[in-house]
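# What would the 3D arrangement of this be:
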Amino acid sequence: MNLFILPLRLLRIAWVLARWDALAVVESLGLFPRLVAFLRLVMPRRPGRPGQKLARALVALGPSFVKLGQFLATRSDVVGEALAADLAELQDRLPPFPFETARAEVEAELGMPLEAAFASFEPRPVSAASIAQVHFATALDPLDPEAPPRPVAVKVLRPGIERAFEHDLHLFFWLAHIAERTQPRLRRLKPVAVLETFAATVRFEMDLRLEAAACSELAENFHDDETYHVPEVDWHRSGQRVLTQSRLSGIRLDDRERLLAAGHDLEEVLRIAATIFFNQVFRDGFFHGDQHPGNMFVTADGSIGAVDFGIMGRLDHPTRKFLADMLLATLSRDYKRLAEVHREAGWLPPDQSLELFAQALRAVCEPIFGQPLARVSFARLLGQLFSLTETFDLQVQPALVLLQKNMLMAEGVSRRLDPTLNIWLLAEPLIAQWMRENRGVEARIRDGVADAASILQQLPGALANLEKTLAQASGPGVRVDGGSIGTLQVKRKGGWQLPFLLGLLLGAIAVLILGGG
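Model prediction:
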């Protein structure tokens, strides 16, 4: 990074933070204390919480800073629950870039004039955010030119956004390295590693082919579900910097008055939303990572549509099973078992006391029991569990924090629509069924059989290696013909090694099957 430009950039950032009275975060990190103290003296104070002030300053600093704020909103384990909640309200709205620029971007990406690609294209964008803006258009069916044009939405990246992002990323990494070197208490938060995750996330968003693939995968997961609509990707009119999808429309998921006026049953809407969320997370392990009300709406027939698939979350099957075990242990108030689940998942380090961690879990979880279910926030409970990361050096998966963020959004929408309902109770039948299928006795036997099958698949190779090992160990007393177990002949007296080892192996397989893994 240019050593002359760097101080100027830092001064500009400090000035913007000071102008919006958002220096509290920098102050708490212990960075540049003299500069912060000086700016505190000369700049006026503004109303609002620290997170709200920071959000306004990030908008003023530009697209990369907006994306950083949105990312930190998903990392309550790093910035704390209060700051993350304020940053979650960060509005990703920037002034649109000109239509002629959008035209040039589309034509360069698709390799054809705009009029050849689309029957019509609205010059004014319907939304403009930090990375891209969206235009409505109509497109002819390439397989049926006689069909009427169909409505589509065209997402176009901001010109030069990749270069600008990389430019700012160098600064972010420089600051993160300084924080790790000079602030020992921040090393546990691994700011450099957090930024690496952030960089990968935004680079994903800036390749619209990857968003198209995510949209296509989500649509495939729900292809037979009429309650959830995902746009169809127009692959012929999409590329790295342009994404064209079928256009969906409806009422924002949190617009209570319009939903009631349209005759929708709010409890049914929430039941469908809870079912969709549960199926994404537990059935598929692939979920929409930015399910705020602006990205979800209710269609005329009462189903739910979704847009904007730049941020997606994945949970592998073992993690989903650990989450289920956490839920079971929490609901049964078995805090020792809850602590053991954290240890088994690899989240609680071996050098941490299981008993002390169970005691901390009790302190976090007990206050939720005895409250009316409508007031219980499972998302906040998950956030409070994350708050134990510093004390016990917990290793938290970013996907789990993203899940918690989306749970918070879902609970917020639910309470706006009907404060008397708890959205997760509406999915209770699905939860019970999933628990039976994945954590019951039959599931454990099935997992054991699967593990045994995996071992059996590796058995021929393992036995071939074993033959070679025995031959080498036993010298001329053992002859191996063709590398096949069927032709291995033990000639020397005392050739018990192979039957013994086979017995151990088959015994292990039996334990896996009968013991449920």
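# residues contacting the nearest residue to Leu157 once chain neighbours are set aside?
Leaving aside its chain neighbours, Leu157 sits nearest to Arg241 (4.4 Å; criterion: C-beta to C-beta, 6 or more residues apart in numbering). No exception for glycine: its C-beta is placed from N, CA and C like everyone else's. Arg241 sits next to Glu105, Ala108, Glu109, Val156, Leu157, Leu208 when contact means C-beta atoms under 8 Å, 6 or more residues apart in numbering.
# So for the residue nearest to the second one when sequence neighbours are not counted, what's the pLDDT?
To tie it back to what came earlier, the one meant is Ala108. In this structure, Ala108 finds its nearest non-sequential neighbour in Arg241, 7.8 Å apart by C-beta to C-beta, 6+ apart. For Arg241, the model assigns a pLDDT of 97.
# gap between Arg241 and Val154?
In this view, Arg241 and Val154 are 11 Å apart by C-beta to C-beta, to the nearest Å.
# for Thr319, same thing?
Look at Thr319 and Val154: by C-beta to C-beta, they are 36 Å apart.
# what about the two, which has more around it?
A count of neighbours by other C-beta atoms under 10 Å puts Val154 above the other of Thr319 and Val154, at 27 against 17.
# Wait, the more buried one touches Gly239, no?
No. Applying C-beta atoms under 8 Å as the test, Val154 and Gly239 come out as separate, 11.4 Å apart.
# so how many other residues sit close to Val106?
Neighbours of Val106 under the rule other C-beta under 10 Å: 24.
# Could you do the one 4 residues further on as well?
By the criterion of other C-beta under 10 Å, Leu110 has 19 neighbours.
# what's around the residue lying closest to it once chain neighbours are set aside, how many residues?
In space, and not counting its chain neighbours, Leu110 is closest to Ala117: 5.2 Å by C-beta to C-beta, 6+ apart. By other C-beta under 10 Å, 22 other residues sit near Ala117.
# pLDDT value on Ala117, please?
We have a pLDDT of 93 for Ala117.
# State the distance from it to Ala147.
Going from Ala117 to Ala147 by C-beta to C-beta gives 16 Å.
# same check, this time on Val78
Separation of Val78 from Ala147 (C-beta to C-beta): 51 Å.
# With Pro63 instead?
Between Pro63 and Ala147 the computed distance is 38 Å (C-beta to C-beta).
# Which of those two has more residues huddled nearby?
Pro63 (21 against 9).
# wait, that one sits on Ala164?
Yes. Assessed by C-beta under 8 Å, Pro63 is found in contact with Ala164 at 6.8 Å.
# Which parts of the protein belong to which domain?
With automatic domain parsing as the criterion, the domains of the chain are listed as 93-247, 248-439, 442-515.
# got those as JSON lines, with distance to Val26 columns?
JSON lines is the format used below for the domains of the chain (distance: least, C-beta to C-beta, whole Å):
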{"stretch": "domain 93-247", "distance to Val26": "10"}
{"stretch": "domain 248-439", "distance to Val26": "20"}
{"stretch": "domain 442-515", "distance to Val26": "49"}
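# So, low pLDDT: which residues of the stretch 151-300 of the chain?
In the predicted model of the stretch 151-300 of the chain, residues 188 satisfy pLDDT under 70.
# The stretch 401-517 of the chain too?
Applying pLDDT under 70 to the stretch 401-517 of the chain picks out residues 440-517.
# 90 instead?
For the stretch 401-517 of the chain, the stretches with pLDDT under 90 are 401-413, 415-416, 419-517.
# Which residue ranges of this protein form strands?
Counting by DSSP state E, the segments of the chain that form strands are 120-121, 127-128, 132-139, 150-157, 228-229, 242-246, 251-252, 286-288, 296-298, 304-306, 312-314, 478-480, 488-490.
# What does the pLDDT read for the most centrally placed residue in the chain?
Nearest to the geometric centre of the chain sits Gly313, at 2.9 Å (C-alpha atoms, centre = their mean). Looking at Gly313, its pLDDT reads 91.
# ok, now which ones touch it?
By C-beta under 8 Å, 6+ apart, the contact set of Gly313 is Phe286, Phe287, His288, Gly289, Ala399, Leu402, Leu403, Asn406.
# among the residues you listed, which ones are buried?
Phe286, Phe287, His288, Gly289, Ala399, Leu402, Leu403, Asn406 (16 or more other C-beta atoms under 10 Å).
# which of these lies closest to Gln245?
Nearest to Gln245 out of the buried ones among the contacts of Gly313 is His288 (C-beta to C-beta; 14.3 Å).
# what about that closest one, distance to Val230?
Per C-beta to C-beta, His288 is found 9 Å from Val230.
# Looks like Ser76 contacts Gln404 (just checking).
Yes. Using C-beta under 8 Å, Ser76 is in contact with Gln404, at 6.9 Å.
# which neighbours do the two share?
Gly383, Phe386.
# Quick check: phi and psi at the closest residue to Leu394 other than its chain neighbours.
In this structure, Leu394 finds its nearest non-sequential neighbour in Trp347, 5.3 Å apart by C-beta to C-beta, 6+ apart. Main-chain torsions, Trp347, degrees, to the nearest 10: phi -90, psi -30.
# neighbours of Trp347, just the number please.
Residues within reach of Trp347, counting by other C-beta under 10 Å, total 20.
# Just to check, it is in contact with Gln395?
Yes. Trp347 is within contact range of Gln395, at 5.2 Å (criterion: C-beta under 8 Å).
# how about the contacts of Gly313 in CSV, adding distance to Leu72?
Formatted as CSV, the contacts of Gly313 follow (distance: C-beta to C-beta, whole Å):
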residue, distance to Leu72
Phe286, 23
Phe287, 20
His288, 19
Gly289, 14
Ala399, 16
Leu402, 12
Leu403, 16
Asn406, 16
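# Ends of stretch 227-237, what's the gap?
Start and end residues of stretch 227-237 are separated by 27 Å (C-alpha to C-alpha, to the nearest Å).
# Residues contacting it, please?
Residues from elsewhere that reach stretch 227-237, judged by C-beta under 8 Å, 6+ apart: 110, 117-118, 139, 142, 152-154, 212, 215-216, 218-219, 222, 243-248, 272, 275-276, 299, 302-307.
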